[in-house]
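In: fold the following and give me the result.
(chains A and B)
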Amino acid sequence: MNKAVKRFLSLIGISMVVMLVPSAVSAQMPDDNTLVIAQSVDVGALDPALIGSRAEANIIGMIFGTLYSIDDDGSLLPYLAQSFTKSEDGSEWTFTLNEGLTCHDGEALTAEDVAYSFQRAADPANGFTGNTVGFVLPSIKYVDARADSELEVTIIMQGAQSESLRLGLLSEVYIHCKDYYESVSLAEAAENPVGSGAYRFVEWARDEYVRIERVDGFTLRDPQFQTIIWRVIPEASTRTAELIAGNVDIIANVPPDQIDAINTSGTAEVQAVAGTRRIYVGFQFSEDFADAPGYEALQKTEVRVALQYAVDVPTICTALLGTECERASSMVNPPNNNPNLEPYPYDPARAEELLDAAGYPRGADGVRFRTVLMGPRGRYLNDVAVVQAIGQYLTDVGVETEVDIRDWASDYVPLIRSKQVGPLFFLGTGGSTWSALYDMADLSSVTAGTNYTNWANPEWFALWDATQGVDAETERANVNAMLEIFYNDPPWLLLYFQPDFYGVSNRIEWQARRDEKVLPYYAKLAGQ
Amino acid sequence: MSTYILRRLMQSIIVVTGVSLLAFISLHLAGDPTYLYVSERASNEEIAAARIALGFDKPLPEQYLNYMGGLLRGDLGTSLRSRQPAAGMVLERLPATLELTIFALLLAVSLAIPIGILSATRRGTPLDSGIMLFAMFGQSIPSFWLGIMLILFVGLTLRWLPISGYVPVLPHLLNGDFSTAMNNLPDALRHLIMPGVTIATFSLSRNARLVRSAMLEVLNQDYVRTARAKGLSTRVVIFRHAFRNALIPVVTILGLEFGFLLSGVVVTETVFSWPGVGRLVFTAITQRDIPVVQAAVVIFSLMFVTLNLLVDLLYARLDPRIRIG
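Out: Presented below is the predicted three-dimensional model:
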């Protein structure tokens, strides 16, 4: 090897040593006062009226307070407000704020600011399209907000509604101070939030991280960590690597194939929780699908009940989702479901028996009838494999099922929203821990935007209308009755509540919530 | 020369317009983006209101004309998600992408040229075979896989380099903050190595082979034989006589290389959590944030056509046989 070559290789070697020493790795590990959470997407904006994703809500939820808050177990607890009363007709709810509240710029937070928070979101001139204005306010039938005194604010809504439903939704409206938000443009507000919660905004490095710091003197919460950093790490395997390396404390959405790597790392563990997202196969009732294969058969209650027995949901969970699960017995998350209803068991013999009795025996080719199952790619946990498995289970009992997989964003969402999916379709829909009616609101009317099946059971909808604004006991009785109707005349092939996997560093103690919220108020260093 | 440059600029306008039109059409062919900006429980009325608020209710030709009108005024639109000027979002992230791309380009070029020369001058030896085998693997390995393997072995197992993240240098330089830029430089370089290698590997491999081929062709020329016959040393023959001519096709490729590397950063920036334009575009595409995607397309197109022009001018400088105009 000649001198030039040797010189060149030496130069490469020396450069590498210089680069590698000292190692930069230890500089990335968080200190004892800092909690680092990694999520896959950056926030689009930090304006509380623009929140449109869970990633944004998780951060905003630490910076801004709400009138009430939802605890880990679904309890609705006072937060910025200490209590509320309702008008006789249930349309006006008056909240009494705690005394001494301030926003992070020092401005006193009063009833006027609470009213402003609602009015600003609802003002069409602002053109907000986030969760607050697009879902929460219409769902509670918001009309206006009014400051009655310094500490009393009245939210005016149309008519009466379930107390838990309305209160839970009101807990999604983030309270901010009028003076600051009137003084800045919408663009500035999206980048520099001034909040009312336990943490103040410090810095947002786009596509890198958001840093927030504990507000000293905030008495309504007692978080342990001085600083929380939300890092943006889009690639799942990179998030896992950072967790194992000790640079990140909490990661969400751990893919099932990485669970073992984390659990055997010695530095972190995976927490699997049954989330609140209901995963189901919908039966399409719209006459637009009258010519679709299997449509006629699927209109029969007996057939839809029979198919409940055909799918082995627990095996789907263990084999394809990486965790055990119990099959859903209704569309409502525990503990708000009907305790008298048992999940349909996997019993293919029973399914075949019921299909025979329904008038669909196997033909000479072994097929009872044919149908199509539509499903998305890339939206839910292992969705393509799950859809294919369900298709095979149905085929095994003689319902020959063609699986039609579509791209989620470009193809499936427009079809879903226009209710052009069927005769069978795979879907997930968000739920709650705090209200049965929230979960059941997917089927609030025949024409409801989320009634993708176009189900029109008259008993169900009569009971739904009769349940609005009744007392808690009557509500519970009606809910149980409705869930029995749903169980016996199912518009859904009931599957499971989507499991969520969180990677948690052994450095801390933290319990994941079922509702996909990552609110680390109670995270602390291990052993403390 | 001026006429040539002017003609090229006019052609560039046509190219950029055509590219923006293609991007516009393909983004809208992917379906109605309104659904991604409303709650999953939004009613049909709420969806319709959102469609109007986002401007998607207008016919596509009208939307495109409005966009081009804004473009002529220097307004590349506003992000649907963040309400920030789309061009500003792209330009804000451009330094991070340029840092990564320039580092990868320097890595690829600085290694490809000596490796290619070495291989050409050691033709037929085990060293030559080894280099060509490396080059073949380098061109075959998917960048996504390579990046993850580097993270796994170099970042996680050996703990030699940071797994992900970015330490800025170029933004500080552009702001005139030289001291912060210099302080950040060592850490920035450590963060650059793995993503830089990921992007550079394909280019390095291809360019090494290209340099080797070009050198072999030149080394077989009569004038090189004459130079050797005159008793000149190998070093003089290679670097004074052969290399400059071998560089001509290499320069052509390198000019295009920068554009190629820019397009390749999407995957690498995602794997290494690099806050550059590639990741911005990827996120904007999945979120159907059309103004941001279009802004990135326009800006990248402008960069690409400008680079092409500079390469052509440099090409003429290197090869006196080429006349511009």
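
In: tell me where the stretch 201-325 of chain B has helices.
Out: For the stretch 201-325 of chain B, the helices defined by DSSP state H, counting those that start in this stretch cover B:222-229, B:234-236, B:243-271, B:277-286, B:290-318.

In: tell me the mean pLDDT over the first one?
Out: For helix B:222-229, the mean per-residue pLDDT is 73.

In: of all the helices of the stretch 201-325 of chain B, which lies closest to chain A?
Out: With C-beta to the nearest C-beta as the criterion, chain A lies closest to helix B:243-271 of the helices of the stretch 201-325 of chain B, at 4.8 Å. All C-beta atoms are positioned from the backbone trio N, CA, C, and that covers glycine.

In: quick check: mean pLDDT of the closest one?
Out: Averaging pLDDT residue by residue across helix B:243-271 gives 75.

In: also stretch A:471-483?
Out: Averaging pLDDT along stretch A:471-483 gives 95.

In: next: stretch B:280-287.
Out: 86.

In: what lies in contact with that stretch?
Out: The contact list for stretch B:280-287 (C-beta atoms under 8 Å, 6 or more residues apart in numbering or on different chains) reads A:41-42, A:44, A:207, A:234, A:409, B:27, B:36, B:79-81, B:89-90, B:93, B:266, B:269-270, B:289-290, B:292-293, B:296.

In: repeat for stretch A:364-373
Out: For stretch A:364-373, the external contacting residues (C-beta under 8 Å, 6+ apart) are A:281, A:292-295, A:297-298, A:355, A:360-362, A:387, A:390-391, A:394, A:397-404, A:422-426.

In: ok, now with 6 Å
Out: With C-beta atoms under 6 Å, 6 or more residues apart in numbering or on different chains as the test, stretch A:364-373 has contacts from A:293-294, A:297, A:355, A:360, A:362, A:391, A:398-404, A:423-424.

In: out of those residues, which end up buried?
Out: Neighbour-count burial within the contacts of stretch A:364-373 applies to A:293-294, A:297, A:355, A:360, A:391, A:398-401, A:403, A:423-424; the criterion is 16 or more other C-beta atoms under 10 Å in any protein chain shown.

In: tell me the one of the residues you listed nearest B:Leu170?
Out: Relative to B:Leu170, the closest of those is A:Val403; by C-beta to C-beta it sits at 48.7 Å.

In: sheet partners, orientation included, of the helix or strand where that closest one lies?
Out: Applying DSSP states H and E as the criterion places A:Val403 in strand A:399-407. Paired strands of strand A:399-407, with direction, are strand A:369-377 (parallel) (DSSP bridges).

In: for A:Ala121, give me phi and psi.
Out: A:Ala121 has phi and psi values of phi -60, psi -40 when expressed as degrees, to the nearest 10.

In: check whether it really touches A:Phe135, as I assumed.
Out: No - A:Ala121 lies out of contact with A:Phe135 (C-beta atoms under 6 Å); the separation is 11.2 Å.

In: same drill for these two, tell me which one is more crowded.
Out: Ranked by neighbour count (other C-beta atoms under 10 Å in any protein chain shown), A:Ala121 and A:Phe135 place A:Ala121 first, with 26 against 20.

In: for stretch B:206-224, buried residues please.
Out: Across stretch B:206-224, burial judged by 16+ other C-beta under 10 Å covers B:206-216, B:218-219, B:224.

In: touching chain A at all, that stretch?
Out: No - using C-beta under 6 Å from any C-beta of the partner chain, stretch B:206-224 never reaches chain A; the gap is at least 13.6 Å.

In: shaky segments in the stretch 101-250 of chain B?
Out: Along the stretch 101-250 of chain B, the model assigns pLDDT under 70 to residues B:238-250.

In: ok, the buried ones among the contacts of stretch A:364-373 vs A:Thr276, which is closest?
Out: A:Leu424 (23.3 Å).

In: and the strands in the stretch 1-150 of chain A?
Out: With strands called from DSSP state E, counting those that start in this stretch, the stretch 1-150 of chain A shows them at A:34-39, A:68-70, A:76-78, A:81-86, A:92-97, A:142-147.

In: nearest to chain B, of the ones you listed?
Out: When the strands of the stretch 1-150 of chain A are compared by C-beta to the nearest C-beta, strand A:34-39 sits nearest chain B, at 8.8 Å.

In: adjacent strands (with direction) for the closest one?
Out: With DSSP bridges as the test, strand A:34-39 is paired with strand A:227-232 (parallel), strand A:250-251 (parallel).

In: same list, these, but as JSON lines with mean pLDDT, mean neighbour count and distance to B:Leu158 please.
Out: Output for these, formatted as JSON lines (pLDDT from 0 to 100; neighbours: other C-beta atoms under 10 Å in any protein chain shown; distance: least, C-beta to C-beta, whole Å):
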{"stretch": "strand A:227-232", "mean pLDDT": "96", "mean neighbour count": "22", "distance to B:Leu158": "22"}
{"stretch": "strand A:250-251", "mean pLDDT": "97", "mean neighbour count": "27", "distance to B:Leu158": "22"}
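
In: who in chain A is up against chain B?
Out: So chain A meets chain B at A:8, A:20, A:24-25, A:28, A:44-45, A:127, A:129, A:131, A:134-135, A:186-187, A:190, A:207-208, A:233-235, A:237-238, A:241-242, A:245, A:410, A:413-414, A:417, A:449-450 (C-beta under 6 Å from any C-beta).

In: tell me how far B:Lys82 lies from A:Leu46.
Out: Residue B:82: Ser, not Lys. Taking C-beta to C-beta, to the nearest Å as the measure, B:Ser82 falls 9 Å from A:Leu46.

In: got it, and B:Phe178?
Out: According to C-beta to C-beta, B:Phe178 stands 31 Å off from A:Leu46.

In: out of these two, which sits in the busier spot?
Out: The neighbour count for B:Phe178 versus A:Leu46, taken as other C-beta under 10 Å, is higher for A:Leu46 (23 against 10).

In: what sits against that one?
Out: Listed by C-beta under 6 Å, 6+ apart, the contact set of A:Leu46 reads A:Pro193.

In: what about the strands in the stretch 401-528 of chain A?
Out: According to DSSP E, counting those that start in this stretch, the strands that the stretch 401-528 of chain A contains are A:424-429, A:492-505, A:508-509, A:524-525.

In: export the ones you listed to TSV and tack on mean pLDDT and distance to B:Gln63?
Out: As requested, the strands of the stretch 401-528 of chain A are arranged in TSV below (pLDDT from 0 to 100; distance: least, C-beta to C-beta, whole Å):
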stretch	mean pLDDT	distance to B:Gln63
strand A:424-429	96	30
strand A:492-505	96	36
strand A:508-509	96	49
strand A:524-525	94	52
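
In: and whichever strand or helix holds B:Leu111 with helix B:277-286, angle?
Out: Under the criterion of DSSP H and E, B:Leu111 resides in helix B:86-121. Going by axes from the mean of the first three to the mean of the last three C-alpha atoms, to 10 degrees, helix B:86-121 is angled at 130 degrees with respect to helix B:277-286.

In: gap between the helix or strand just after helix B:86-121 and the chain center?
Out: Going down the chain from helix B:86-121, the next helix or strand is helix B:126-140, by DSSP H and E. Counting by C-alpha atoms, centre = their mean, to the nearest Å, helix B:126-140 is centred 24 Å from the centre of its parent chain.

In: what lies in contact with helix B:126-140?
Out: The contact list for helix B:126-140 (C-beta under 6 Å, 6+ apart) reads B:115, B:119, B:122, B:201-202, B:205-206, B:208-209.
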